[in-house]
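Trainee: A structural model of the following input is requested.
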Amino acid sequence: YLIPSASITTVLFLSVYLLYLMSVQGRWAEELGRHYIYLIPASSQSKIFFSTLTEIINDIINAVFLFVISGILLGTNVVEILLCALAYASYGAILTYADTFARKIFGRVHSQYLKVFAKMGMTLVVVLPGLLAYFIAVYLLPLLDIPPIVAYIPLILYNFIAAFGVLFISRGLFEELEMH
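Mentor: Alright, predicted model coming up:
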């Protein structure tokens, strides 16, 4: 209602931008301060997954509320609402697991500003290929008589693959108690 030319894609990218800015204050990191997590007889990768699961579920719930309400207000079809919610959740996963990787790499760095700046830059590098795939698909799909809504699919697939890739390379985070 405020911006007549707005679409659900605009809502998606504005909300992802806000998610990117707010990702600095991830709540999952409280688990690093609890010594119990290091005593659980599970792999480091599963500890990371389960300690970040609440963040991922929170992103999914936020995506459902945000895009269902926005989709209704903007008159968007159900498939595009679902794809935008999945895209938002996939960005939430990338940002959460990029934070785990940044904590693994910069665990002993004392400068909080350096950690934040490096994490934001690293996250941007991880996210850019998915964005490029989306924008290329948006421009190429109409030339092939394929609806532009399909452009969300490579974005979502890339984001989930990248998120689990970053989770995989962050797997040693809970192995060194002294690091945190």
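
Trainee: which residues does the residue lying closest to Pro154 once chain neighbours are set aside contact?
Mentor: Among residues not flanking Pro154 along the chain, Ala133 sits closest, at 4.4 Å (Cβ to Cβ, 6 or more residues apart in numbering). In this view, the C-beta of every residue, glycine as well, is placed from N, C-alpha and C. Ala133 is in contact with 154-155, 158, counting by Cβ atoms under 8 Å, 6 or more residues apart in numbering.

Trainee: continuing past the helix or strand where Ile72 lies, what's the next helix or strand?
Mentor: Under the criterion of DSSP states H and E, Ile72 resides in helix 44-74. Once the chain leaves helix 44-74, the next helix or strand it forms, by DSSP H and E, is helix 78-105.

Trainee: by contact count, what packs against that following helix?
Mentor: helix 8-22, helix 44-74, helix 112-140, helix 152-169 (3 or more Cβ pairs under 8 Å, 6 or more residues apart in numbering; DSSP states H and E).

Trainee: Tell me what angle it forms with helix 112-140.
Mentor: Orientation check (axes from the mean of the first three to the mean of the last three Cα atoms, to 10 degrees): helix 78-105 against helix 112-140 gives 150 degrees.

Trainee: List the buried residues of helix 78-105.
Mentor: Residues of helix 78-105 classed as buried: 80-105 (neighbour count, 16 or more other Cβ atoms under 10 Å).

Trainee: now do stretch 103-119
Mentor: Neighbour counts over stretch 103-119 (16+ other Cβ under 10 Å) mark 103-106, 115, 119 as buried.

Trainee: how far does that stretch stretch from start to finish?
Mentor: 9 Å (Cα to Cα, to the nearest Å).

Trainee: next one: that stretch to chain centre, how far?
Mentor: Computed by Cα atoms, centre = their mean, to the nearest Å, the chain-centroid distance of stretch 103-119 equals 19 Å.
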